[in-house]
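In: sequence unknown, structure follows:
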């Protein structure tokens, strides 16, 4: 997926563009004039698109290959595929699953402004595997509406925050750790918002492998590779146990999860970098936090203060050379 901006009053050009950006589709409209504006911002396997269509525009589209979540700002959206062909109509403030990644879709955009969150399907499985009681396998969203209004609001806010972060820091998509953390956070938001098939329980073999040696090997691997893009599946593979066994071992012997431990290690590296940094040369707390995969300065500062008893800026200013 590539970042782009599109603005046109030509329906034929709009159809051609949307077919390239999403999947092959056919558009139809009785309006004498219309305008389509589309802006895409990409962070690794995640994209957030902002769209505005100034007329009633029907569309029939092929399979898109990505999970697509829609948040309506104004106007309305009529979507005719989910579940089992049932029609849904959505207005301002609504959040819904626009299409599963493996289904064609059709609908009508009714003079609407809306945001689309697009995820590569494999990201859901990768993130689902990091939670206790989950395993790495294909994950399917089984409902098109949020489990609760609060969950929907949280995901809408996360989408808005992602857009704000990317536009404030155009270099963000080049930050490997930050991209990994941010994209997994968005996928976790989708899994928390919509019903899905991810949940399962540890097996007898998993419980047998959840011993202290597993934890020691995993901790050593995390400590050595904390600067790289790690998932719980990578850690489990490195120590030759299942994801569920690894999660159970960390809960049983450390009282935490592998990914929480990884965040603590990265926080410690950020602390060391702040101690060594020289603020007179332009080093900043934000730059250090970004280097270690912390996308939200406020959350980084809170976690840092809880761990080290002072704000990160204080460490930078007082302990720098």
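Out: Received the coordinates, thanks. Nothing here was measured: the structure is a model prediction, and the numbers come from that model. Numbers count the residues shown, from 1 in each chain.

In: which residues touch the helix or strand hosting residue 235?
Out: In the assignment (DSSP states H and E), residue 235 maps to helix 232-239. For helix 232-239, the surrounding residues in contact (Cβ atoms under 8 Å, 6 or more residues apart in numbering) are 126, 129-130, 136, 214, 217-218, 221-222, 225, 242-243, 245-247, 257-259, 262. C-beta: built from backbone N, CA, C; applies to glycine.

In: Pull out the buried members of these.
Out: With burial judged by 16 or more other Cβ atoms under 10 Å, the buried subset of the contacts of helix 232-239 is 126, 129-130, 136, 214, 217-218, 221-222, 242-243, 245-247, 257-259, 262.

In: Counting only helices, which of the residues you listed make the cut?
Out: Applying DSSP state H to the buried ones among the contacts of helix 232-239, the entries found in helices are 126, 214, 217-218, 221-222, 243, 245-247, 258-259, 262.

In: And the residues you listed, which is closest to residue 194?
Out: Nearest to residue 194 out of these is residue 126 (Cβ to Cβ; 16.6 Å).

In: nearest spatial neighbour of the closest one, skipping sequence neighbours?
Out: residue 231 (5.5 Å; Cβ to Cβ, 6 or more residues apart in numbering).

In: and that neighbour, what are its phi and psi?
Out: phi -120, psi 170 (degrees, to the nearest 10).

In: ok, then the element right after the one helix or strand residue 268 maps to?
Out: Using DSSP H and E, residue 268 sits in helix 258-276. Scanning forward in sequence from helix 258-276 by DSSP H and E, the next helix or strand is helix 285-291.

In: What residues sit buried inside whatever helix or strand comes next after that next one?
Out: Of the helices and strands lying after helix 285-291 in sequence (DSSP H and E), the nearest is helix 297-308. Of the residues in helix 297-308, those buried by neighbour count under the rule 16+ other Cβ under 10 Å are 300-301, 303-304, 308.

In: Show me what helix 297-308 is packed up against.
Out: Counting contacts by 3 or more Cβ pairs under 8 Å, 6 or more residues apart in numbering; DSSP states H and E, helix 297-308 is packed against helix 258-276, helix 285-291, helix 312-319.
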